[in-house]
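Q: Just the structure for this:
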Amino acid sequence: MVIGAKTELNSQIYADSVSSATHSRPPPESELCIVIRLKSFQTPVMGMSRSSVALAAFCKTLDDRKDLQEKVKASEMPEEIIEIAASLGHEISHGELRIWSRELCSDYFPWAANGHEWRRNFFMRKG
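A: Reported below is the predicted structural model:
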């Protein structure tokens with residue numbers, strides 16, 4: 001899974017927003033999409049935690065703001081990204097960011113071009 005307008009999710013469920021899903025068409029690139037591949041049938045995204053919803057909203061904000069993308073890309077530890085999100089009113093947890101990091105592959109995430117081991121080490125860093 002990937003969250004964000006410029007990122008791709010491995011799925012067949014499309015959400016025009018975090019709270020409403022449509023199954024008839026993929027969203028335009030400008031819309032926030034959350035997609036989950038569930039074999040051959042489609043199911044709405046249910047039970048997302050508040051932190052997951054905040055993370056999706058934060059990614060949408062990042063997709064629209066190059067200045068924030070640069071700050072996120074320059075982050076040396078997860079807490080810096082969490083602080084950037086909090087400054088915008090998006091409360092995300094370290095655990096939630098770590099869980100979704102495998103799917104967050106937009107080039108502005110510090111781990112995007114550095115491989116799985118680098119990403120795991122990134123989340124072990126403390127300030």
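Q: rest of the way, CA atoms for contacts and neighbours
A: Will do.
Q: residue ranges of the helices in this structure, please?
A: 50-64, 66-73, 78-87, 94-101, 115-122 (DSSP state H).
Q: mind checking pLDDT for residue 111?
A: We have a pLDDT of 95 for residue 111.
Q: so where's this structure shaky on pLDDT?
A: Residue ranges of the chain with pLDDT under 70: 1-48, 127.
Q: cutoff 50 now
A: 1-24, 26-45 (pLDDT under 50).
Q: returning to what we had before: which one, of the helices of the chain, ends up nearest to residue 107?
A: helix 66-73 (7.8 Å; CA to CA).
Q: May I see the buried residues of that closest one?
A: In terms of neighbour count (16 or more other CA atoms under 10 Å), helix 66-73 has its buried residues at 68-69, 71-73.
Q: ok so, going back, pipe the helices of the chain into a markdown table and attach distance to residue 107 per row.
A: Shown next, in a markdown table, are the helices of the chain (distance: least, CA to CA, whole Å):
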| stretch | distance to residue 107 |
| --- | --- |
| helix 50-64 | 10 |
| helix 66-73 | 8 |
| helix 78-87 | 14 |
| helix 94-101 | 12 |
| helix 115-122 | 12 |
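Q: With respect to burial, which of these scores highest?
A: For the helices of the chain, the largest average neighbour count (mean count of other CA atoms under 10 Å) is found in helix 50-64, namely a mean of 20.
Q: okay, the angle between that helix and helix 78-87?
A: If you take axes from the mean of the first three to the mean of the last three CA atoms, to 10 degrees, helix 50-64 sits at 80 degrees to helix 78-87.
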